[in-house]
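Chemist: using only what follows, build the 3D model:
(2 chains)
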Amino acid sequence: MAATAADSAAPTISAADTTTHLADLKHDAIASEIEIGNLTINESNNKFFHDPESSNIKTITSGDTPYVSAFTFEELNLLPELLKGLYVEMKYEKPSKIQAISLPMILNPPYLDLIAQAHNGSGKTACFTLGMLSRIDPKLKAPQAFCICPTRELAIQNLEVLRKMGKYSGITSECAIRAGFGNEFHKVKEQSIRPPITSQIVIGTPGTIIHRIRANKLSLSYLKILVLDEADHMLAEDGFKGDSVDIMSKIRCVNPQCQVLFFSATFNETVKEFAAKIVKGNHNQLFVKKEELSLQSVKQYKVNCPDELAKVMVIKDRILEFGERVGQTIIFVRTRNSAITLHRTLVEIGYDVTTIQGALKQEDRDKIVKEFKDGLTQVLISTDLLARGFDQDQVNLVINYDLPVKHNHPTEPDCEVYMHRIGRAGRFGRKGAVFNLLCGDADEKIMTKIEKHFGTEIAEVPDWRNEEDFVVALRSAGLL
DNA sequence: AAAAAAT
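Modeler: The predicted structure is shown next:
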């Protein structure tokens, strides 16, 4: 990739010595914005692929450490085994923007806490994965890094990335997610007689991590780094706030110096404030304006449908008719029941899909995800189970069968979930399209609120019955 | 029953 002007003027993020109070953040008194080159693109032969627009990430440092963004992985002084993992296994060439900015902050002493926001599909996972791998003392066979995630699927996916990246490092890792439920006594029992965890990196869901800590099967004594993936959800009142705080305070008791990293594409004001409160005094922050969070490469559409059947018809005869040619599709629904019903309806009219939701047995969930990731299935119906973090390159279409709404305020959109859902398409700068299926005034109002929140105009597909309208939409998204 | 999560 051609070097930009910004490349030569290696930006030093100026050290700020002031406090980290929110008032300061608001005044941008200690903020310095930096500009660096575009994301590195690895698969330029992909026809659904283009250079994502350069995005602004606002950097706020505290303490007196100056950071220089890394334009190459070599500058990060990584162990050769890790560099090999990045180049050979991950097929990375250069750090993406968020990686260039955050990795120096993560990897260099004094290992400050970090609150980091970056666009969906921009390479956040690699940031904290590399962070965990680099900070492990290979000789010490004890847990030194935790990563907690909101779903089991995400924990499994993150472990897969970590093992790939760390393939030559010899660092040990495992998932801490619940294996057996209710009547699967043998599995539950298996876990209760398990020996203590010796893996150096543990990635899991909050409940299971707490359970292992309480059972004294997961030592905190050597912990160096804690990662909260999808951090805004992990810290949300109606998310995993209680569990996350519990884990953090247990760690602080034993190990007050443990570095904490919060990563997500979204941070609403409430969560942002809370995160800034619970990190250690000196810490770093990276933020993106919500108006700049929408991916330029993913086109959003709305379709007015007279009734639920029309929504089904639109999915089958208008969108998937062409959609199947351009990649995989995820259809998001609001409830488990909605997932089951839509699945049944589509099958009834002769269209085969798979469905995932939290009420399924874990082995079925695993199988459905695997089939989809292996490309054996084209269309996947999902609840918000897969709204966050799920990474599948080939997903070019997202359909919101139901719009995401706040559970205690059904007339209000859940803008964060909306952003995460549409972020399942357009991974790493690929092109994609989102179709929001609206039915009635209430839906239209919610859609308008979403548009206002992100300051984006969502194009309307004029007529749900007109095939040509959808062809135009997909073509304009760059998919046909 | 919002969904997720050792609920």
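Chemist: where does the stretch 251-400 of chain A get nearest to DNA strand B, which residue?
Modeler: A:G358 (2.3 Å; Cβ to the nearest atom of the strand). Where you see a C-beta, it was placed from the backbone N, CA and C, and this is true even at glycine.
Chemist: show me where pLDDT drops low in chain A?
Modeler: Counting by pLDDT under 70, the ranges of chain A that qualify are A:1-54, A:180-192.
Chemist: near DNA strand B, which residues of it?
Modeler: When proximity is defined as Cβ under 7 Å from any atom of the strand, chain A approaches DNA strand B at A:150-153, A:177-179, A:181, A:188, A:191-192, A:205-208, A:211, A:238-240, A:334-337, A:357-359, A:383-385, A:406-408, A:414, A:417.
Chemist: mind checking which of those land in strands?
Modeler: Applying DSSP state E to those, the entries found in strands are A:K406.
Chemist: quick check: A:R178 touching A:P206?
Modeler: No: A:R178 is beyond contact range of A:P206, at 10.9 Å (criterion: Cβ atoms under 8 Å).
Chemist: these two: who's more crowded?
Modeler: Taking neighbours as other Cβ atoms under 10 Å, A:R178 and A:P206 compare with A:P206 leading, 21 against 16.
Chemist: what's the closest non-adjacent residue to the more buried one?
Modeler: A:D243 (3.6 Å; Cβ to Cβ, 6 or more residues apart in numbering).
Chemist: packing partners of whatever helix or strand that neighbour lives in?
Modeler: Under DSSP states H and E, the secondary-structure element containing A:D243 is helix A:241-254. Under the contact criterion of 3 or more Cβ pairs under 8 Å, 6 or more residues apart in numbering; DSSP states H and E, helix A:241-254 touches strand A:145-148, helix A:206-214, strand A:225-229, helix A:231-234, helix A:269-278.
Chemist: got phi/psi on the most centrally placed residue in chain A?
Modeler: Closest residue to the average C-alpha location of chain A: A:G389 at 3.2 Å, with Cα atoms, centre = their mean. Backbone torsions for A:G389, taken as degrees, to the nearest 10, come to phi 80, psi -20.
Chemist: make sure it is actually in contact with A:Q157.
Modeler: Yes: at 6.9 Å, A:G389 and A:Q157 qualify as touching, with contact defined as Cβ under 8 Å.
Chemist: residues near A:Y418, how many?
Modeler: Number of residues near A:Y418 (other Cβ under 10 Å) recorded here: 27.
Chemist: need the contact list for the residue of the stretch 1-150 of chain A found nearest DNA strand B.
Modeler: Going by Cβ to the nearest atom of the strand, DNA strand B is nearest to A:P150 of the stretch 1-150 of chain A, at 6.3 Å. By Cβ atoms under 8 Å, 6 or more residues apart in numbering, A:P150 lies in contact with A:T205, A:D229, A:E230, A:H233, A:M234, A:G239, A:F240, A:R388, A:G389.
Chemist: what's the spacing between it and A:G350?
Modeler: 35 Å (Cβ to Cβ, to the nearest Å).
Chemist: quick one: contacts of stretch A:79-92?
Modeler: With Cβ under 8 Å, 6+ apart as the test, stretch A:79-92 has contacts from A:40, A:42, A:73-74, A:78, A:93, A:126, A:130, A:133-134, A:164-170.
Chemist: recalculate using a threshold of 10 Å.
Modeler: With Cβ atoms under 10 Å, 6 or more residues apart in numbering as the contact definition, stretch A:79-92 has outside contacts at A:40, A:42-43, A:72-74, A:76-78, A:93, A:95, A:99, A:123, A:126, A:129-130, A:133-134, A:136, A:138, A:161-171.
Chemist: one more: stretch A:402-413?
Modeler: Applying Cβ under 10 Å, 6+ apart, the external contacts of stretch A:402-413 come out as A:238, A:302, A:311, A:331-335, A:338-339, A:342, A:383-384, A:387, A:414-421, A:436-439, A:442-453.
Chemist: need the distance between the two termini of that stretch.
Modeler: 11 Å (Cα to Cα, to the nearest Å).
Chemist: what about A:N282, how many residues close to it?
Modeler: Neighbourhood size, A:N282 [other Cβ under 10 Å]: 16.
Chemist: give the buried residues for stretch A:341-352.
Modeler: Of the residues in stretch A:341-352, A:L342, A:H343, A:T345, A:L346 count as buried by neighbour count, 16 or more other Cβ atoms under 10 Å.
Chemist: would you map the strands across the stretch 301-450 of chain A?
Modeler: Along the stretch 301-450 of chain A, the stretches classed as strands by DSSP state E, counting those that start in this stretch are A:328-332, A:354-356, A:379-382, A:395-400, A:405-406, A:409-413, A:432-438.
Chemist: partner strands of the longest one and their direction?
Modeler: Looking back up the chat, that one is strand A:432-438. strand A:298-304 (parallel), strand A:395-400 (parallel) (DSSP bridges).
Chemist: going by neighbour count, list what's buried in the helix holding A:D243.
Modeler: Of the residues in helix A:241-254, those with enough neighbours to count as buried (16+ other Cβ under 10 Å) are A:K241, A:D243, A:S244, A:D246, A:I247, A:M248, A:K250, A:I251, A:R252.
Chemist: now swap in stretch A:160-177 and tell me
Modeler: Across stretch A:160-177, burial judged by 16+ other Cβ under 10 Å covers A:161-163, A:165-167, A:169, A:171-177.
Chemist: what's the farthest-apart pair in those residues?
Modeler: Using Cβ to Cβ, the pair of the buried residues of stretch A:160-177 lying farthest apart is A:S169 and A:I177, separated by 22.7 Å.
Chemist: what number of residues lie near A:A236?
Modeler: 18.
Chemist: that one should be in a helix, yeah?
Modeler: No: if the criterion is DSSP: H, G, I helix; E, B strand; the rest coil, then A:A236 is coil and not within a helix.
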